[in-house]
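>>> from the sequence below, what's the structure:
(one chain, ligands or ions: 1)
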Amino acid sequence: MNMDSPYENWDPALTRLLTSLKEVQSGSEDVAFLSELLQSKQLHALVHVHNKIVAKGKDDKFYPLLSNAMQVTLEVFEVLGDKTKISKEYEELLSLLQKPHFQAILCTHDAVAQKDYYPHLPDIPPDTDDEEETVKIVQLVKSDEPLGGAQSAEPIVGATIKTDEETGKIVIARVMHGGAADRSGLIHAGDEVIEVNGISVENKTPADVLSILQNSEGTITFKLVPSFGKGGTRESKVRVRALFDYNSSEDPYIPCKEAGLDFKKGDILHIVSQDDAYWWQARREGDRVMRAGLIPSRALQEGRIIHERQTDPQTMDGKPALCSPSASSSDCAPKTPCSPTPTATALLPCKSIPKVKKIIYDITENDDFDRELIPTYEEVARLYPRPGLVRPIVLIGAPGVGRNELRRRLVATDPEKYITPIPYTSRPIKSSEQNGKDYVFVTREKMEQDITDGKFIEHGEYKGNLYGTAAESVETIINTGRVCVLSPHWQALKMLRTPRLRPYIVFIKPPSLERMVETRTAANARSTFDKESSRAFTEEEFTDIIRSSNRINFLYGYMFDEEVVNEDLASAVSQLLKAAWRVQSEPLWVPASWVQ
Ligand SMILES: Nc1ncnc2c1ncn2[C@@H]1O[C@H](COP(=O)(O)OP(=O)(O)OP(=O)(O)O)[C@@H](O)[C@H]1O
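Below you'll find the model as predicted:
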């Protein structure tokens, strides 16, 4: 190329394209546009970066070590949260990490690591020449992970195999996202395995193939017949909050136990693939492991819960109705799996295993039971803190557990910042009172009408007078940029948990009965069960607090952002202050609809 060329140091491929475009000389607008684009500095810079990545990535070492840098940042936040008072360096790091630009870089890194950039292209129809079969040879380095008697290829190369029901051939059942097979981008679900390390797998069982894999050292060479149209490795972006506990080792239906991902209620899961109707692939948000694991899909889990409710309506704690174990239910096993389907009827032939836990509530308290809710997964997204976004802090708990005491103490730490709305009442004003100070006084008719119109987030009646908190009072506080602190009755939760208010809900839990008696007696606590006289709690009332606390947690636990045990008042308040700090400074998971 001529040294005087304006394209000096430009990408040769782009330069060639530009030169040939000049030869077209059509004068059309499209060609002019394309020519301008090809000469743009930005495009050339991008191509330059791309070439560098490709050059570096040739040795297969250029892949991300983790795909959750943002999560790591949050962990750093947590560690630093306690230490900002100690050193200026900590404070500086914290402010750096909180910068939106820095967080944007980390988010971009994670998106790239999760391959969240592939365009969706239509499947290319196979060139159907029956005589000719395309074969691909793929070499993977065997992972160092212990095999531990595993019955699957998953711990070795990040894929599972099975015998195809129709053809009887060994096929790749599933490629686990982030595993060695997925990172290679060369092995896909449905690919037919012909040879492993030069050994033909014809007439072999998956177990035979696994033993070949287990006995091989170093690299493993697969000869595969590719399946067409199944090569997409794009990860989904969906994050969900798990509303139930899952233990794959107790699940006889999981197609491959070694590939299962265990989680606890409340864990945030990144659903990387929903390709299979019954078994999704997911990673636990915050885990540094790139390889995804199998979890029951929403449909499968709903089917299990419905089936469980039908067979035992009193057990409604969302525990999976697991069926009797079957050795055939495996990706790795040659027989047909006992496929659970999302419909309850299809699950009927299966026998329920004994339940680990059964919670039966007083029938009289079941009146408000949320029967429609099938607790599987709740789609969530991160809500990033920004100026003007102030989330109310809601203290929820059993009556008598200490919500109001904690609210008062939290507000007292900084009355300029934390505000409780002034309640409304229909009772007559006393001469010593000022309207709008302790209460907003309104007529009973007006208050009844407003309650009917849904203008109150909570209300109740005491001695023939109505009391309540108006939604408008909460919104006014939010609009002034201060933190609204509420301690409503737990039945107000559903009205409060809206995209408009976006509350941060803290569940106030009682300590053990023994510790509750000790702490309350020492503090001369007054029973809230007796409005007529001031007296101590009875032992029965303490038991009642624990019982109703379990029930509230059981019914609404999925809505709680955090739990605080109200044992020692000072440490409970300090936990609340930390929570308040997190709410104003950290991106937190909220229902996805709150972010759109
Ligand atoms: N951790 C604690 N240690 C000792 N006493 C406590 C503690 N928490 C609350 N108390 C006392 O227990 C009593 C009841 O607390 P509080 O009024 O806050 O309960 P509540 O949850 O608001 O109940 P209700 O909704 O029925 O009014 C009060 O006398 C309070 O000072």
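
>>> tell me the residues of the chain that contact the ligand?
397, 399-405, 487, 519-520, 523, 525-526, 528, 566, 569 (Cβ under 6 Å from any ligand atom). Just so you know, the C-beta spots here come from the backbone N, C-alpha and C atoms, and that holds for glycine as well.

>>> of those residues, just the buried ones, PyMOL syntax please.
A single PyMOL command is used to select the members of those judged buried by 16 or more other Cβ atoms under 10 Å:
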select buried, resi 397+399+400+401+402+403+405+487+519+520+525+528+566
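
>>> sec struct for E378, please.
Here E378 is strand, with the state taken from DSSP: H, G, I helix; E, B strand; the rest coil.

>>> now do it: how many residues are near it, please.
18 (other Cβ atoms under 10 Å).

>>> and for the one 10 residues further on?
Neighbour count for G388, taken as other Cβ under 10 Å: 7.

>>> same question, D164
13.

>>> equivalent analysis for S35, please.
Applying other Cβ under 10 Å, we find 14 residues neighbouring S35.

>>> for it, which non-adjacent residue is closest in space?
Nearest residue to S35, sequence neighbours excluded (Cβ to Cβ, 6 or more residues apart in numbering): L21, at 5.4 Å.

>>> can I assume the one you found sits in a strand?
No: with three-state DSSP as the criterion, L21 is assigned helix and is not in a strand.

>>> if I pick it, what's in contact with it?
Counting by Cβ atoms under 8 Å, 6 or more residues apart in numbering, L21 touches 31, 34-35, 38.

>>> tell me the confidence at T108?
Looking at T108, its pLDDT is 85.

>>> cool, and F369?
F369 is given a pLDDT of 43.

>>> please renumber so the chain begins at 22
In the new numbering, first residue 22, that becomes F390.

>>> got a list of what whichever residue of the stretch 122-271 of the chain sits closest to the ligand touches?
Nearest residue of the stretch 122-271 of the chain to the ligand, counting by Cβ to the nearest ligand atom: L264, 25.6 Å away. Residues in contact with L264, defined by Cβ under 8 Å, 6+ apart, are 286, 339, 396-399, 579.

>>> need the nearest residue in space to it, chain neighbours excluded.
In space, L264 comes closest to P396 once its chain neighbours are excluded; the distance is 3.6 Å by Cβ to Cβ, 6+ apart.

>>> hmm, D266 and the one you found touching each other?
No: at 10.6 Å, P396 and D266 do not qualify as touching, with contact defined as Cβ atoms under 8 Å.

>>> returning to what we had before: in the contacts of L264, which residue is surrounded by the most others?
Y398 (23 neighbours).

>>> neighbours of A600, just the number please.
By other Cβ under 10 Å, neighbour count at A600 equals 16.

>>> oops, could you answer that again for E561 instead?
Here the number of neighbours of E561 (other Cβ under 10 Å) works out to 8.

>>> and it, how far is that from S548?
Distance of E561 to S548, computed by Cβ to Cβ, to the nearest Å: 11 Å.

>>> circling back to that earlier point, can you name the two of the contacts of L264 that sit furthest apart?
Farthest-apart pair in these is G339 and E399; separation 12.1 Å (Cβ to Cβ).

>>> are we agreed that C505 is in a strand?
Yes: applying three-state DSSP, one finds C505 inside a strand.

>>> that one reaches P413, doesn't it?
Yes: C505 is within contact range of P413, at 4.0 Å (criterion: Cβ under 8 Å).

>>> so what sits against both of those two?
Common neighbours of C505 and P413 (criterion: Cβ under 8 Å, 6+ apart): 495, 498-499.

>>> mind checking which of those are in helices?
495, 498-499 (DSSP state H).

>>> nearest to the ligand, of those?
Ranked by distance to the ligand (Cβ to the nearest ligand atom), these are led by V495 at 18.0 Å.

>>> for L86, what is the enclosing helix or strand?
For L86, there is no helix or strand it lies in under DSSP states H and E.

>>> what's the burial count for it?
L86: 8 surrounding residues under other Cβ under 10 Å.

>>> please report the distance of it from V75.
Counting by Cβ to Cβ - L86 and V75 are separated by 19 Å.

>>> and what of T441?
Counting by Cβ to Cβ, the gap from T441 to V75 is 59 Å.

>>> out of those two, which sits in the more crowded spot?
The residue with more neighbours, out of T441 and V75, is T441; 19 against 10, by other Cβ under 10 Å.

>>> that one and F284: what is the separation?
In this view, T441 and F284 are 36 Å apart by Cβ to Cβ.

>>> swap in L87?
19 Å.

>>> those two - which one has more neighbours?
F284 (20 against 15).
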